[in-house]
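Asks: here's my sequence, what's the structure:
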Amino acid sequence: MRHARPTAPPAGRPLGDRLGVLEREIDAALAGHVIPGRAGRQALETALDELLAAYASLRRGLGADLVGATLLRGLYRLWWRVDAVGLERVPARGRVLLVVNRAGILLPYEALMVAVALAIDHPAGRMAWPLVDDWVVRLRLGSALGVLRATPGVMRRLLERDEAVIVLPEGREACAKSRRRWYRLAGFGRATFARVALETGAAIVPVAVVGAEESQPVLWRLNTVGHWLGLPTLPITPTFPWLGLAGLVPLPTKWTLHVGDPLDVAAHHPPEAARDPRTVLRVRDQVRERLQALVSEGVRRRRAIFLG
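Replies: Numbering: from 1, shown residues only. Here you go, the predicted structure:
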């Protein structure tokens, strides 16, 4: 039986789209849906390493550096005036999985601000990779903002390369939050991040973002219209759609990042524990409890929503 091989992305398509096609094929193969053989798996893992290197190159390119990075730094320093508390708790090197809470706003600004904080305010100036929902990448913002699709294969390979990875386990469920659910975590789903952390021995660091919920208050959501547009939901806010696309600009609330102590997964569990569903769920719930405690404490200590 011949092993299937990843097909080359069609020439002539934008590079980001071609990389996206290759990424999806590789991730499906690594999940065991296409290639069962060891040799084929090793070949695909090598291909995925090359893919991640290509994304890193894009991230350092002119477009990402001058447009995306400048925009994100402006949001971080000037618009939200982000304070990062406990950033030194993130290890300077090695495998790190940063688990971040998600507000009900449309774009995953929380993961992006954590990445900026690590890049410019961490003592070691550490680069981190935000992993986001597929629909965000489809907006062709991936290469400019330095994000990748949140898939187990990509997460695993990044950690195996001793990278820092940012995940938002609440996923699309967070986009359906009502005002009554602000700063209350949604479910963490199938605990993919916990399983991959167990497999790779990555340290898990909870990071609470306070200030994002108020930056784009949602009056109601048009889920059907959102799905038709390829979005999880279409938020109706005090400024959108009344001010057009300008109404999607979040308000300049004051943001604070609260970084918790790392959870040393490798010190408590061998890699084989990733095959035990009870252990995976136990780690997931432990991280969720730590993150919720950080979020609640951050909200309690906040002095003002806009000032600071």
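Asks: next up, phi/psi of residue 75, please.
Replies: phi -60, psi -40 (degrees, to the nearest 10).
Asks: quick one: it from residue 212, how far?
Replies: Distance check for residue 75 against residue 212: by CB to CB, to the nearest Å, it reads 11 Å. Bear in mind the C-beta positions are built from the backbone N, C-alpha and C, glycine included.
Asks: cool, residue 112 as well?
Replies: In terms of CB to CB, residue 112 sits 11 Å off from residue 212.
Asks: all strands for the protein, in order.
Replies: For the chain, the strands defined by DSSP state E cover 83-85, 96-100, 128-132, 148-149, 164-167, 203-210, 220-222, 234-236, 256-259.
Asks: which stretch in these is the model least sure about?
Replies: Mean pLDDT per stretch puts strand 220-222 lowest among the strands of the chain, at a mean of 66.
Asks: the more surrounded of residue 75 and residue 212?
Replies: Counted by other CB atoms under 10 Å, residue 75 and residue 212 do not tie: residue 212 has more neighbours, with 23 against 20.
Asks: who's in contact with that one?
Replies: 103, 105, 109, 110, 253, 255 (CB atoms under 8 Å, 6 or more residues apart in numbering).
Asks: list buried residues within these.
Replies: 103, 105, 109, 110, 253, 255 (16 or more other CB atoms under 10 Å).
Asks: now these as TSV including distance to residue 159 and pLDDT?
Replies: Output for those, formatted as TSV (distance: CB to CB, whole Å; pLDDT from 0 to 100):
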residue	distance to residue 159	pLDDT
103	25	88
105	27	78
109	24	91
110	20	95
253	32	96
255	27	97
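Asks: where does pLDDT dip in the protein?
Replies: 1-67, 139-144, 172-178, 220-235, 241, 243-248, 308 (pLDDT under 70).
Asks: mind giving me the domain ranges of it?
Replies: 13-59, 70-301 (automatic domain parsing).
Asks: could I get these as a markdown table with distance to residue 307?
Replies: Converted to a markdown table, the domains of the chain look like this (distance: least, CB to CB, whole Å):
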| stretch | distance to residue 307 |
| --- | --- |
| domain 13-59 | 34 |
| domain 70-301 | 6 |
